[in-house]
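Enquirer: here is my input; please provide its structure:
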Amino acid sequence: LVGNDYGGEVQAGRYDALNGLFLRGDGEGNFTAQTMATSGFYVPGNAKGLAQLTDSKGRELVIATQNRGRLCIFRNRNPATSLRLRPTDASALLTFVDGRKQKVELSYGTSFLSQSARTLLVNPQVKAVEITDSQGHKRQELTKVNLAHR
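Expert: Residues are numbered from 1 along each chain as shown. Here you go, the predicted structure:
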């Protein structure tokens, strides 16, 4: 999360209360705030947007923009498999090693002033991915886990 906003009215002053926040999920819907020292996520300026991208090696990047400030780029220390999505892909059904399933909607854009890449980051505990496109056609994608079992 980013949260500073320096565009307020002169009388109100700057909304300068959040230099970035990383929330770690436990996979059960619970999140714990991580300190900047632990996460390394620090965006001190007039933050305007976040986008999730992948580099040429498929590693996850988070890009934070700041109005009249530097571009901040962060790389995930725990890399996940990155699957490049097709323009018409609408949803993914993830099947985990323990049998749990999760449906993920594949949207365009993620938040105000942000446009993330059309990729799906897949946790190492996912053994199968089934992608459904906007016409209802389905295809299976390989992950590191199911490649290891071939």
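
Enquirer: could I get the pLDDT score of the residue nearest to the spatial centre of the chain?
Expert: Compute the mean C-alpha point of the chain, and by C-alpha atoms, centre = their mean the closest residue is Gln52, 5.0 Å away. Here the pLDDT value assigned to Gln52 is 83.

Enquirer: repeat for Ser111
Expert: Looking at Ser111, the pLDDT reads 63.

Enquirer: pretty sure Val126 contacts Thr95?
Expert: Yes: assessed by C-beta atoms under 8 Å, Val126 is found in contact with Thr95 at 6.8 Å. (Each C-beta comes from the backbone N, C-alpha and C, glycine too.)

Enquirer: any idea which element the residue nearest to the centre of the chain lies in?
Expert: Using DSSP states H and E, Gln52 sits in strand 47-54.

Enquirer: please save the CA atoms from that strand in PDB.
Expert: Output of strand 47-54 as PDB, limited to C-alpha atoms (Å, rounded to 0.1, in the frame of the first residue of the first chain):
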ATOM      1  CA  ALA A  47       2.800   8.200  -4.100                       C
ATOM      2  CA  LYS A  48       0.500   7.900  -7.100                       C
ATOM      3  CA  GLY A  49       0.200   4.300  -8.000                       C
ATOM      4  CA  LEU A  50       1.400   0.700  -7.800                       C
ATOM      5  CA  ALA A  51       1.700  -1.800 -10.500                       C
ATOM      6  CA  GLN A  52       2.800  -5.500 -10.600                       C
ATOM      7  CA  LEU A  53       5.000  -6.500 -13.400                       C
ATOM      8  CA  THR A  54       7.400  -9.300 -14.200                       C
END
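
Enquirer: more crowded one of Val126 and Thr95?
Expert: Val126 (24 against 17; other C-beta atoms under 10 Å).

Enquirer: helices and strands of this structure: which one bottoms out on pLDDT?
Expert: Least confident helix or strand, the chain: helix 144-148 with a mean of 54, by mean pLDDT, DSSP states H and E.

Enquirer: what residues sit buried inside the strand holding Gln52?
Expert: Within strand 47-54, the residues that count as buried by 16 or more other C-beta atoms under 10 Å are 47-52, 54.
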